[in-house]
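Colleague: model the structure of this input:
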Amino acid sequence: MKDNYICSLDLGSSKLAGIILCFRDKKHIKDIFFESLFTRCIEGSKIKDISALVVFLEQLLDSLKKKSNQKIRNVYLNISCEDLIMRHNFAIIPFAEKGNKLITLSDVRKVKEQALALGSCWEEEVIGSIPVNYTVDDKDGFINPVGLYAHKLGVDLLTFSITSAYFENLNHIINKLGYTLRHIFISGMGILEYIINKEELSQGIYMLLDIGAKLTDIIVYKDKFIKHIGYLAFGGDRLTESIGKELDISLDLAEELKINYATILEEGLGNKDVMIKQNDYYRSIPRSRLSYALNREVANFITSLQNYLHNYIGKEKIEKIFVCGRSALLEGLLEKMELELNTPVRMITYSDFSFLNDFPLNNIFSISQLLNYANCLKVFYEVEQLYKEINSSSIISPHGLSKRIINWFVELYQEYF
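Modeller: Residues are numbered from 1 along each chain as shown. Okay, the predicted model is just below:
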């Protein structure tokens, strides 16, 4: 990595979170600094108040700079899956009129660039791409065609895009604050990819649910390849609103009750009450009513999720569901999901960030804080992947004039002889 730090920001519906990872060397972390601010100037892919967003981002980055004593230049962003555009782009390039040619990394780069160009749209900005498979002489299913002889090469390139307007707004804001936007990542995606690779989950369907304030981002992998990205219009705010409506209290007080006393487990509550101060007097709230309000909304969430999976996944079996977001801490939620969906469900935890095992996260974050900063932390893995791709591309274009000329002659010879 060129920088000795990574600055990652997560743009959520109810908060802005940021982390700076400082490195001792290329692979070892020296220190971690974090900050978050609660604000509601973003909702999914919609910037509701751009002036407020600029102010809060400036506060957040200034705080991170003071804590870390780093001169931040480059910033990575995480955004929600809402309005994310997924598209399969296909392209084929012929090598020669006659005979075959040895496929090189340069050929792979060219066919991917061709697929991007053919699928480009002026109203969209591509923020990521994954080759699903390659076609060699009209035969598909190739994962890495480099080193094979062929007459033509094709690719099925899955791209992830956002609207050009949204991208330009984000880029403008970051530049206005004096920073460079290096890359935009998709919420939750890197976490699931890392878990699948780490636990060698090579077969089957695995899903991650990132439950935010307004939306639940959904990432699905099948046999180690991305299968689906989407979202549900459900978040922790729905639970808060249900409590407020049921108990006739303010949303701030309902949020406090949700955080400190919420459970969807009805057994053992009995006549237990919670005392709250409302206006100038105290009021007793039966915990059974609190549980009822939560259960009603959780049931709606699970029903919506079941319908969603039926529409987009079909009858295929999901091996395991991973959940992040602070709502995952709601007592009994994961157990109820596991029972209703008939699928193992577990929460994202410290062990899922073992690529940071030189730094004891449990000494820095409570599990609640970890869930708050999960999308910031996972950028370490994604940036590492980006640099691997850059290093691969450096093999394609050798450094030095003489080496580039030799490489050009080698490819010319392979194409015509």
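
Colleague: contacts for the host helix or strand of His88, please.
Modeller: His88 belongs to strand 85-94 when elements are defined using DSSP states H and E. Residues from elsewhere that reach strand 85-94 (Cβ atoms under 8 Å, 6 or more residues apart in numbering): 107, 110-112, 114-119, 124, 132, 135, 151-163, 229. (Glycine included, C-beta is placed from N, CA and C.)

Colleague: repeat that for 6 Å
Modeller: With contact meaning Cβ atoms under 6 Å, 6 or more residues apart in numbering, strand 85-94 is reached by 110-111, 114-115, 118-119, 124, 152-159, 161, 229.

Colleague: now do stretch 103-119
Modeller: 87, 89, 91, 93, 145-146, 148, 150, 153, 155, 157, 395-396.

Colleague: restricted to buried residues, select the contacts of strand 85-94 in ChimeraX.
Modeller: To isolate the buried subset of the contacts of strand 85-94 in ChimeraX, counting by 16 or more other Cβ atoms under 10 Å, use the following:
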select :110,111,114,115,119,124,152,153,154,155,156,157,158,159,161,229
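
Colleague: narrow the contacts of strand 85-94 to those in helices?
Modeller: Using DSSP state H, the subset of these located in helices is Lys110, Val111, Gln114, Ala115, Leu118.

Colleague: just the mean pLDDT for stretch 118-132, thanks.
Modeller: For stretch 118-132, mean pLDDT rounds to 89.

Colleague: where exactly do the helices run in this structure?
Modeller: Taking DSSP H as the test, the helices found in the chain are 50-68, 105-118, 164-176, 189-198, 236-247, 251-261, 287-312, 333-341, 367-377, 379-396, 401-416.

Colleague: out of those helices, which comes closest to Lys15?
Modeller: With respect to Lys15, and counting by Cβ to Cβ, the nearest of the helices of the chain is helix 367-377 at 7.3 Å.

Colleague: quick check: mean pLDDT across that closest one?
Modeller: In this model, helix 367-377 has an average pLDDT of 88.

Colleague: ok, stretch 261-268 next?
Modeller: Average pLDDT, stretch 261-268: 77.

Colleague: next, the buried residues of it.
Modeller: For stretch 261-268, burial by neighbour count (16+ other Cβ under 10 Å) applies to Tyr261, Ala262, Thr263, Ile264.

Colleague: export that stretch as PDB, just CAs?
Modeller: Taking C-alpha atoms only, stretch 261-268 is exported to PDB below (Å, rounded to 0.1, in the frame of the first residue of the first chain):
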ATOM      1  CA  TYR A 261     -34.800  -3.500  27.700                       C
ATOM      2  CA  ALA A 262     -36.000  -5.000  24.400                       C
ATOM      3  CA  THR A 263     -36.500  -8.700  24.000                       C
ATOM      4  CA  ILE A 264     -38.800 -10.700  21.800                       C
ATOM      5  CA  LEU A 265     -38.700 -13.600  24.200                       C
ATOM      6  CA  GLU A 266     -42.000 -13.800  25.900                       C
ATOM      7  CA  GLU A 267     -41.200 -16.500  28.400                       C
ATOM      8  CA  GLY A 268     -40.300 -15.400  31.900                       C
END
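
Colleague: which residues touch it?
Modeller: Val274, Ser291, Leu294, Asn295, Val298, Leu330, Glu331, Gly332.

Colleague: most surrounded residue in those residues?
Modeller: Highest neighbour count within these: Leu294, with 26 neighbours (other Cβ atoms under 10 Å).
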